[in-house]
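Engineer: compute the structure for the input listed below.
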Amino acid sequence: MEPRPRSWRWRLRAAALVFGVGTVVALLLTTFTFLSDAHAVGLSFLGVLRRYLAVFWLWGCLVPLVGWLARRFPLDMPPRASKGFVHLAAAMGIIFVVMLVWVVGSFTLGLYDEPTWWAAFRHFWPRYFPFDLTIYAFILLGWYAFDWYARYRDRELRTAQLESSLQEAKLAALRSQLNPHFLFNALNSVSALMHRDVDAADAMLARIGELLRLTLASDGSQEIRLDEELELLDRYLDVERIRFAERLAVVMDVAPGALEARLPPFSLQPLVENAIHHGVASRDRGGQVTISARRVDGRLQLRVADDGPGPSTPHPREGVGLRNTRARLRQLYGDSQQLQLRQPPSGGCEVMVELPWRT
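Structural biologist: Sure, this is the predicted structure:
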């Protein structure tokens with residue numbers, strides 16, 4: 001995985017973290033050194049602190065170089081032995097430069113008694129080499145730990161994005177099934193109506209076109225306001241009113257406070273279509289469909305009921321619209337949604353939907 005580009009703010013925070021850690025470690029080592037034996041040789045606390053700060057800040061400037069070596073020669077990929085040798089050689093070279101800069105600077109400031117800076121360098125090289133090698137190892141391990149964490153976060157983000165994309169694709173597929181399903185039924189109605197009333201069939205086609213226009217004009221949002229959903233539903237009912245005329249009666253019982261609630265688009269249309277198909281179209285005298293919506297215990301409760309004969313079996317088979325709606329709600333809300341198909345004591349059939357209240 002390629003590293004993501006870093007902004008200047010991120011680089012500034014990383015530099016502040018590196019030098020902040022170096023400063024804290026320098027303070028701790030200075031305190032330990034001063035309390036152990038520094039006062040015995042006449043060194044002041046600030047004198048010891050300046051030396052440690054010089055070392056750790058110098059190493060801080062070399063962190064990008066160590067990071068580049070870590071990326072260029074990763075120890076978690078073969079061949080590990082040759083890459084380990086490269087890191088050892090690089091560590092020796094970097095330590096040589098660090099100690100050379102430190103010794104020459106200290107010698108120039110008159111902090112050593114050796115006659116030449118080279119004599120001071122040969123004196124301190126075997127003494128401080130293990131210490132500097134440990135610093136290199138800690139920087140290397142710290143870089144790998146940070147890189148592993150960044151890759152882990154990237155994988156989490158990519159996984160979440162893939163899951164979100166998959167869910168959106170499933171919802172889009174489920175939603176796209178509704179349009180052909182409705183269009184098939186609507187065109188069958190137009191075909192039947194053409195033999196009885198051409199003007200009514202023409203009006204129905206106009207309403208179907210208006211409904212499809214509104215569908216195509218939607219921005220693909222997974223949720224819309226209830227008042228927007230009712231507007232879409234009213235366009236659908238215009239089509240059905242032409243088809244059934246006085247045989248179809250629709251009663252709206254929507255609490256004003258529920259209009260701002262959000263729900264998936266075209267959630268009510270397949271439920272109403274199911275009620276019309278089973279409760280109105282199956283009887284010569286038609287029937288009534290009641291649509292209600294209100295807030296109950298912090299949840300949006302929707303009911304679509306008809307006064308038809310009701311289900312003929314205790315567990316009726318669900319059609320495309322009902323199965324599709326159930327699947328969409330499950331994808332969007334998981335276990336926090338509910339869709340029930342039941343027969344009220346008064347007869348007919350009722351579909352009750354409960355969703356989390358969202359505005």
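Engineer: what sits up against the helix or strand encompassing Pro64?
Structural biologist: Per DSSP states H and E: Pro64 is located in helix 63-72. Residues outside helix 63-72 that contact it (Cβ atoms under 8 Å, 6 or more residues apart in numbering): Pro3, Val18, Val86, His87, Ala90, Ile94, Tyr136, Ile139, Leu140, Trp143, Tyr144, Asp147. Heads up, the C-betas are built off the backbone N, CA and C, glycines and all.
Engineer: again, but for stretch 50-58
Structural biologist: By Cβ under 8 Å, 6+ apart, stretch 50-58 touches 19, 22-23, 25-26, 29-30, 33, 98, 101-102, 105-106, 111, 132, 135.
Engineer: just those: which are in helices?
Structural biologist: Among those, the members falling in helices (DSSP state H) are 19, 22-23, 25-26, 29-30, 33, 98, 101-102, 105-106, 132, 135.
Engineer: can you flag the buried ones in the residues you listed?
Structural biologist: Neighbour counting with 16 or more other Cβ atoms under 10 Å marks 19, 22-23, 25-26, 29-30, 33, 98, 102, 106, 132, 135 as buried within those.
Engineer: would TSV of those residues with distance to Met77 and pLDDT be doable?
Structural biologist: Below are these laid out as TSV (distance: Cβ to Cβ, whole Å; pLDDT from 0 to 100):
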residue	distance to Met77	pLDDT
Phe19	30	75
Gly22	29	74
Thr23	34	80
Val25	30	77
Ala26	34	75
Leu29	34	75
Thr30	39	75
Thr33	39	73
Val98	28	79
Trp102	34	72
Ser106	40	67
Asp132	26	81
Ile135	24	81
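Engineer: what about the most centrally placed residue in the chain, distance to Trp59?
Structural biologist: When Cα atoms, centre = their mean is applied to the chain, the residue found nearest the centroid is Ala160 (5.0 Å). Distance of Ala160 to Trp59, given as Cβ to Cβ, to the nearest Å: 37 Å.
Engineer: what of Glu354?
Structural biologist: 61 Å.
Engineer: and those two? which has more neighbours close in?
Structural biologist: Per other Cβ atoms under 10 Å, whichever of Glu354 and Trp59 has more neighbours is Trp59, with 22 against 19.
Engineer: okay, the angle between the helix or strand hosting the more buried one and helix 63-72?
Structural biologist: If you go by DSSP H and E, Trp59 is part of helix 45-61. Helix 45-61 and helix 63-72 are oriented at 40 degrees to each other (axes from the mean of the first three to the mean of the last three Cα atoms, to 10 degrees).
Engineer: tabulate the CA atom coordinates of helix 45-61 in PDB.
Structural biologist: Only the C-alpha atoms of helix 45-61 are listed here, as PDB (Å, rounded to 0.1, in the frame of the first residue of the first chain):
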ATOM      1  CA  PHE A  45      22.400  20.400  35.600                       C
ATOM      2  CA  LEU A  46      22.100  22.700  32.600                       C
ATOM      3  CA  GLY A  47      25.500  21.600  31.300                       C
ATOM      4  CA  VAL A  48      24.400  17.900  31.300                       C
ATOM      5  CA  LEU A  49      21.000  18.900  29.800                       C
ATOM      6  CA  ARG A  50      22.600  20.800  26.900                       C
ATOM      7  CA  ARG A  51      24.700  17.800  26.000                       C
ATOM      8  CA  TYR A  52      21.700  15.400  26.000                       C
ATOM      9  CA  LEU A  53      19.500  17.900  24.100                       C
ATOM     10  CA  ALA A  54      22.200  18.300  21.500                       C
ATOM     11  CA  VAL A  55      22.300  14.500  21.000                       C
ATOM     12  CA  PHE A  56      18.600  13.900  20.900                       C
ATOM     13  CA  TRP A  57      17.800  16.900  18.800                       C
ATOM     14  CA  LEU A  58      20.500  15.900  16.300                       C
ATOM     15  CA  TRP A  59      18.900  12.400  16.200                       C
ATOM     16  CA  GLY A  60      15.500  14.100  15.700                       C
ATOM     17  CA  CYS A  61      16.800  15.700  12.500                       C
END
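Engineer: what's the following helix or strand after the strand or helix carrying Arg323?
Structural biologist: Using DSSP H and E, Arg323 falls within helix 320-333. Counting by DSSP H and E, the element after helix 320-333 in chain order, helix or strand, is strand 338-342.
Engineer: please save the CA atoms from the helix or strand that comes right after that next one in CSV.
Structural biologist: Of the helices and strands lying after strand 338-342 in sequence (DSSP H and E), the nearest is strand 349-356. Provided in CSV are the C-alpha atoms of strand 349-356 (Å, rounded to 0.1, in the frame of the first residue of the first chain):
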residue,chain,number,x,y,z
CYS,A,349,-54.8,-6.5,6.2
GLU,A,350,-52.4,-4.1,7.9
VAL,A,351,-48.7,-3.5,7.4
MET,A,352,-46.9,-1.8,10.3
VAL,A,353,-43.4,-0.4,9.9
GLU,A,354,-41.3,1.1,12.8
LEU,A,355,-38.1,3.0,12.1
PRO,A,356,-35.6,5.0,14.2
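Engineer: pull out the buried residues from strand 349-356.
Structural biologist: Across strand 349-356, burial judged by 16+ other Cβ under 10 Å covers Cys349, Glu350, Val351, Met352, Val353, Glu354, Leu355.
Engineer: so can I have TSV of these showing distance to Leu46 and pLDDT?
Structural biologist: Shown next, in TSV, are those (distance: Cβ to Cβ, whole Å; pLDDT from 0 to 100):
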residue	distance to Leu46	pLDDT
Cys349	87	88
Glu350	83	90
Val351	80	91
Met352	77	92
Val353	74	93
Glu354	70	93
Leu355	67	93
